[in-house]
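Trainee: Sequence first, predicted model second:
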Amino acid sequence: GRVELVLQTQGPEPCAEPHTGELLLLVLWPSGQRLSLQHTTTVPWCKVVKQEDENCKAAASGLTPPETLQPEAAADSSDDELPDIFDSAMPVRPSGPKPSTLADVRSAAAKLWNLPLEATVLVALTGMQAGQEIEGDEVTLQECGLSPDDILCVEQRLDGGALPRARQLYELKRNRAQMFFNHPDRPDDAEEFPPITISKDATLAQLKAQIADTLALESKDIHLAKSRDTLTMFKDEDRTLRQVGLGDLETVFVGHGAPCDPNEKILKVLRYSYDNGNHKVSDGFNFPAPGEMSVRSFKEALIKACLHWKFPDEVTWKRLRLRDGQAGKQYAVLRDQRTLRSALMGFADGRQVAVQLMEEEEELGPDDLLLLVRPWRVVEARLHAPTGMG
């Protein structure tokens with residue numbers, strides 16, 4: 001089931017330091033004890049710097065205090081001379097809020113709970129950095145990726161370089177996912193095997209390796225996808241479960257064959273026919289191809305894949321004509337020398353391509369012209385459907 005880590009504070013010590021109203025909550029995890037909420041405090045997100053006495057500032061800087069400055073007599077000034085604006089001290093203005101730094105937070109926590117400053121560890125329990133150790137000193141809280149009202153766990157670093165206990169707790173309770181999966185030979189049964197529990201920071205390659213071990217298969221011979229549709233295949237297996245959007249309880253589809261290269265797009269290939277002036281397409285199959293592949297090379301690669309359409313065995317790539325199968329493209333013909341990326345606008349997974357089997361072999365170059373001829377029977381006053389001519 002789903003386990004949630006809920007932190008509820010009961011009356012943390014109020015922050016005595018002047019602040020702008022936004023606070024950061026600190027929770028202490030004492031050494032050798034369980035995490036409890038008996039020791040909590042707050043630190044200001046931004047500190048308000050009090051305005052010092054102007055006379056003290058002036059004295060510290062070697063300037064004459066404001067009240068001792070006497071205006072010069074009007075008779076001593078000349079009408080032709082302008083006052084030197086750089087000859088007087090700049091007025092002292094009140095200081096604004098100063099963002100708290102991580103060093104401020106660490107120092108306040110170490111002082112309050114008598115911890116060694118160099119061994120004081122801060123781990124975020126909420127927010128964008130949840131489960132991560134927050135490191136650095138002179139950076140501000142916002143630069144660390146924290147937000148007001150976030151919760152930080154304070155603990156003393158253990159000897160031996162072990163992970164902070166707050167990180168271990170977060171990993172155990174909030175950063176684990178359960179993955180159901182199927183056997184490639186039984187795609188409809190995703191409950192045949194017990195789910196795998198794995199970190200959300202694990203890569204898809206690590207998940208696939210564990211699944212392959214359970215199925216007694218070679219990891220290189222299978223691929224993972226969100227569903228049975230190959231368009232949902234996970235091609236970049238260096239990405240983590242969190243990056244691809246897999247949550248706490250998910251089902252991944254396991255299929256035969258290695259995954260496609262991340263640079264390849266999975267095209268949807270349809271069978272095209274032209275009958276009495278009507279364009280007809282039927283469901284086809286998915287086929288991976290890189291955008292740099294030429295239309296001619298794509299035709300050559302499609303020959304074997306099209307055999308299930310009962311094409312003659314002696315069919316060569318020259319008898320295949322490729323058309324743009326995307327809606328609104330009017331099944332435009334693709335030239336052999338162009339690349340798929342340049343010929344198919346919006347080249348991406350799921351892009352549709354239509355394949356037409358021609359009666360004669362052809363090669364379509366950039367200078368070839370395709371004509372549509374429409375027979376006109378004047379006696380019958382009948383205009384027939386157009387027929388293509390190369």
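Mentor: That came through fine. Numbers count the residues shown, from 1 in each chain.
Trainee: how many neighbours does residue 265 have?
Mentor: If you count neighbours by other CB atoms under 10 Å, residue 265 ends up with 21. Where you see a C-beta, it was placed from the backbone N, CA and C, and this is true even at glycine.
Trainee: and it, what element?
Mentor: Assigned by DSSP states H and E, residue 265 belongs to strand 264-275.
Trainee: so how far is that strand off the chain centroid?
Mentor: 31 Å (CA atoms, centre = their mean, to the nearest Å).
Trainee: again, but for stretch 110-121
Mentor: In terms of CA atoms, centre = their mean, the centre of stretch 110-121 is set 36 Å apart from its chain centre.
Trainee: Just the terminal-to-terminal distance for that stretch.
Mentor: Using CA to CA, to the nearest Å, one end of stretch 110-121 lies 10 Å from the other.
Trainee: got the buried residues for it?
Mentor: Within stretch 110-121, the residues that count as buried by 16 or more other CB atoms under 10 Å are 110, 113, 115, 120-121.
Trainee: residues making contact with it?
Mentor: Stretch 110-121 has contacts (CB atoms under 8 Å, 6 or more residues apart in numbering) with 28, 39, 41, 106-107, 109, 133, 154-157, 164, 166.
Trainee: which strands and helices sit next to the strand holding residue 265?
Mentor: Using 3 or more CB pairs under 8 Å, 6 or more residues apart in numbering; DSSP states H and E, the elements in contact with strand 264-275 are strand 278-290, strand 352-357.
Trainee: Give the other helices and strands that the last one contacts.
Mentor: Applying 3+ CB pairs under 8 Å, 6+ apart, one finds that strand 352-357 makes contact with strand 264-275, strand 320-324.
Trainee: and what of the first one?
Mentor: On a contact count with 3+ CB pairs under 8 Å, 6+ apart, strand 278-290 meets strand 264-275, helix 295-305.
Trainee: you'd agree residue 350 is in a strand?
Mentor: No - counting by DSSP: H, G, I helix; E, B strand; the rest coil, residue 350 is not part of a strand but coil.
Trainee: That one: neighbour count?
Mentor: There are 14 residues near residue 350, going by other CB under 10 Å.
Trainee: follow-up on the earlier one: now, the buried residues of stretch 110-121 that are in strands?
Mentor: Counted as lying in strands by DSSP state E, out of the buried residues of stretch 110-121, are 120-121.
Trainee: Tell me which two in the buried residues of stretch 110-121 are the farthest apart.
Mentor: 113 and 121 (12.2 Å; CB to CB).
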